[in-house]
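1. Here is a sequence with its predicted model. Questions after.
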Amino acid sequence: MVLYMVGLGLGDENDITVKGLKIVQQCDLVVLEAYTSVLGIVDKEKLEALYGKPIVVADRDTVETQADEIILQNDKNVAFLVVGDPLCATTHTDLWLRARQKGIQVEIVHNASIMGAAASSGLSLYNFGQTVSIPFFEDNWKPTSFVPKIEYNLQGGMHTLCLLDIKVKEPDFKAMMKGKTEYLPPRFMSVATAAQQLITSQQLLLPDNNNNNNKTHYGTALCVGLARMGQPTQQIIAGTLEELAQIDMGTPLHSLIICGDVHDLEVEVLKEFLVEGSKYQFPTNNSEQ
Ligand SMILES: C[S@@+](CC[C@H](N)C(=O)[O-])C[C@H]1O[C@@H](n2cnc3c(N)ncnc32)[C@H](O)[C@@H]1O
């Protein structure tokens, strides 16, 4: 039997590939992973109508602790649906490994990912460095481990794609103290929050950010906010971190790019997305690609 990891793409239910749809329709069990992304404008019912069969929605707990009973079944063909691409910017390699260890054949059906959609900004995918994740800051917890990675990318002239935190099924500790099991409403980090957290991180970690070596300090870099990529309401806005921290880019999901060295062609496209009245000045003498 086979575990099919099927990418759903970034748009709506129609973004599944023909190959993916045919596989889903012949599978015995269809599981939708619902914690690393949200599918743009589609809901479970629409998917069920399209596939003609019921879907089991799996949260992080199901995938991480109950996969053996629910997903990794030796006697069934299972379609594990992932928004975007099943192996891009997600932790599903672990599921792939566990299936292989149980002797289950795994097949991947790729689809569009935020990692490719980032190119809609005009920035060449060839010029990106390590991708980072930015977690929500809490009152007493402000992790900044993404900062050295951004700085490393910048030193090499590379752009950084920042994926922004998603919190679903977050335990409500106040309710827990009263003996109740309740969850907080889902939270999706916006470009504005990410930009603000990056500014805060710089203040926390880079006290010398007034020196002249701007190349290694992302505070002066051009940044690009991406919202709902692949969907009809997709938005791309470029500006400084301070400018993006003031802009509401609407409903989730959002990502942020910190630009490294920008080449002539990239500049021409980025200018199209620059927020009106931006203080950002493009370099006048761009190097060759
Ligand atoms: C763990 S990654 C999952 C990526 C997904 N498997 C893919 O291949 O695109 C989730 C993060 O990607 C980003 N993201 C996913 N879809 C997006 C979209 N349509 N527009 C903007 N950002 C998106 C968000 O930052 C989100 O928190």
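-> Noted; the coordinates are in hand. Predicted, not measured: the structure shown is a model, and the values here were computed from it. Residues are numbered from 1 along each chain as shown.
2. Got the phi and psi for residue 141?
-> Residue 141 adopts backbone torsions of phi -150, psi 110, taken as degrees, to the nearest 10.
3. Neighbours of it, how many?
-> 8 (other C-beta atoms under 10 Å). Backbone N, C-alpha and C define where each C-beta goes, glycine included.
4. what bridges to it?
-> Applying DSSP bridges to residue 141 gives these bridge partners: residue 138.
5. any idea how far it is from residue 188?
-> 18 Å (C-beta to C-beta, to the nearest Å).
6. A helix includes residue 24, no?
-> Yes - under DSSP: H, G, I helix; E, B strand; the rest coil, residue 24 sits within a helix.
7. what's the closest residue in space to it that isn't next to it in sequence in contact with, if anything?
-> Spatial nearest neighbour of residue 24, excluding adjacent residues (C-beta to C-beta, 6 or more residues apart in numbering): residue 79 at 4.7 Å. Taking C-beta atoms under 8 Å, 6 or more residues apart in numbering, we find residue 79 in contact with 4, 6, 23-24, 27, 29-31.
8. Same question for residue 205.
-> Applying C-beta under 8 Å, 6+ apart, the residues near residue 205 are 144, 147.
9. Please list the residues of the stretch 101-250 of the chain that sit near the ligand.
-> 113-114, 163-164, 166, 226, 228-230 (C-beta under 6 Å from any ligand atom).
10. Filter those residues down to the buried ones and hand me the ChimeraX line.
-> The following ChimeraX line selects those of these that are buried, judged by 16 or more other C-beta atoms under 10 Å:
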select :113,114,163,164,166,226,228,229,230
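11. Export the residues of the stretch 101-250 of the chain next to the ligand as a markdown table, with columns for pLDDT, secondary structure and distance to residue 196.
-> Converted to a markdown table, those look like this (pLDDT from 0 to 100; DSSP: H, G, I helix; E, B strand; the rest coil; distance: C-beta to C-beta, whole Å):
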| residue | pLDDT | secondary structure | distance to residue 196 |
| --- | --- | --- | --- |
| 113 | 96 | coil | 26 |
| 114 | 96 | helix | 21 |
| 163 | 97 | strand | 17 |
| 164 | 97 | strand | 12 |
| 166 | 92 | strand | 18 |
| 226 | 98 | strand | 17 |
| 228 | 96 | coil | 20 |
| 229 | 96 | coil | 21 |
| 230 | 95 | coil | 26 |
